[in-house]
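Trainee: Just need the structure, nothing else, for what follows:
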Amino acid sequence: MHLRRRSFLRLVTGAATLPALSVFARAQDYPTRPVRVIVPFAPGGPVDVLARLIAERLSVKLGQQFFVESHAGAGGNIGMGAAARASANGYTIAIVGPSFVVNPSLYSRIPYDPIKDFAPVTLAAVSANVLVVHPSIPAANVTELIAFLRNNPGKHSFAHPGRGTTAQLSGEMFRRAQKLDIGPVSFSGSAPAIQSALGGHTPIAFTVITPAVPQVKEGKLRALAVTTPKRAQALPDVPTLAEAGVPDQEADSALGVLVPAGTPAAVIALLHREISSAIAQLSAEGRLLTLGFDPVANSPEEYAARIRADIQKWADVIRAANITAE
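Mentor: I've put the predicted structure just below:
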């Protein structure tokens, strides 16, 4: 009787381990076929460019094609909805920008849950937002700009690259923290926002750093501060807002790598290792600096904590400023 019971238990235990062993075997062989990399934006933007650089390195290193699919629309929601519905087998990866953590508060409904539907792989890189002014603005630093705006209430606006972008939210945090009477003017991207600042139409702007760098270096715009905790590699002489006397204003454009929730841990570990290596190579080659990105490549656990913190942070700003996607 006892022998039969032990035999039965061994049979049941062995059967229960088969799925786990099967998953482990698949993870050890991964990838055995092409892997799609979803980018929730149109081709040509910073997220798309970084995704293609990472995909190229992974294709070479892992011996299978990592191909980028652009799913633009609805501020990134269409692409993230597609990624959330994908099989959790490692053959779909998503490269995301800040809209991933902003949209849950910006839209009344979105087709994904940023916590339940995805497993973080790594925060690949971050890019600063930058506060720039036209030379006609009589302010050589942030303190002088605040004094100028307080002495001229309601007379100026700040340009930003679009509703719900972290550049707009940076401007809103700055405006509210300093109690400034200055309104936002939305543009369809950083390039037109920069052009408006260059033309003096909206001579103050919060934008992503990359398109502003050439204008700052040529003296056409004056960069007063970046919004990251550390100075940006692209503009190393420009202080952070905290250094400029305005603390607790940190904000950036974070580009991260996600997979559908339930993807095998061994696959996530492999992707994390290889993507971290790719980011290190791209940084050493100067490719990230050209794009205006500073490398991060942190752990999945650190990225998960960052996602939760950013969702709450931007929810507070969006609610306080009464910003909606409509």
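
Trainee: Show residues contacting stretch 278-286.
Mentor: Outside of stretch 278-286, the residues within contact range by C-beta atoms under 8 Å, 6 or more residues apart in numbering are 53-54, 57-58, 61, 122, 124-125, 288-289, 295-297. C-beta here means a position set from N, CA and C on the backbone, and glycine is covered the same way.

Trainee: Now, those residues that are in strands?
Mentor: Counting by DSSP state E, the part of those found in strands is Thr122, Ala124, Ala125, Pro295.

Trainee: returning to that earlier point: which two among the contacts of stretch 278-286 are spaced furthest apart?
Mentor: Based on C-beta to C-beta, the longest span within these runs between Lys61 and Leu289 and measures 22.3 Å.

Trainee: Adding neighbour count as columns, could you present the ones in strands among the contacts of stretch 278-286 in a markdown table?
Mentor: Putting the ones in strands among the contacts of stretch 278-286 into a markdown table (neighbours: other C-beta atoms under 10 Å) gives the following:
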| residue | neighbour count |
| --- | --- |
| Thr122 | 23 |
| Ala124 | 28 |
| Ala125 | 24 |
| Pro295 | 19 |
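
Trainee: Just the closest of the residues you listed to Ala261, please.
Mentor: For these, with Ala261 as the reference and C-beta to C-beta as the criterion, the closest is Thr122, at 15.9 Å.

Trainee: Find me the pLDDT at that closest one, would you?
Mentor: According to the model's per-residue confidence, Thr122 sits at a pLDDT of 98.

Trainee: what sits against it?
Mentor: Each residue near Thr122 by C-beta under 8 Å, 6+ apart is listed here: Gly256, Val257, His272, Ile275, Ser276, Ile279, Val296, Ala297, Asn298, Ser299, Pro300, Tyr303.

Trainee: Turn the buried ones among the residues you listed into a named PyMOL selection, would you?
Mentor: With 16 or more other C-beta atoms under 10 Å as the burial test, the buried ones among these are selected in PyMOL as follows:
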select buried, resi 256+257+272+275+276+279+296+297+298+300+303
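
Trainee: now the strands for the stretch 151-300 of the chain?
Mentor: Chain-ordered strands for the stretch 151-300 of the chain, with DSSP state E, counting those that start in this stretch as the definition, fall at 156-160, 182-186, 204-208, 222-226, 252-260, 294-295.

Trainee: Select, out of these, the one closest to Ile110.
Mentor: Minimum separation from Ile110 across these (C-beta to C-beta) falls at strand 252-260, 14.6 Å.

Trainee: mean confidence score for that closest one?
Mentor: Rounded to a whole number, the mean pLDDT of strand 252-260 is 95.

Trainee: Report the inter-axis angle for that strand versus strand 222-226.
Mentor: Counting by axes from the mean of the first three to the mean of the last three C-alpha atoms, to 10 degrees, strand 252-260 lies at 50 degrees to strand 222-226.
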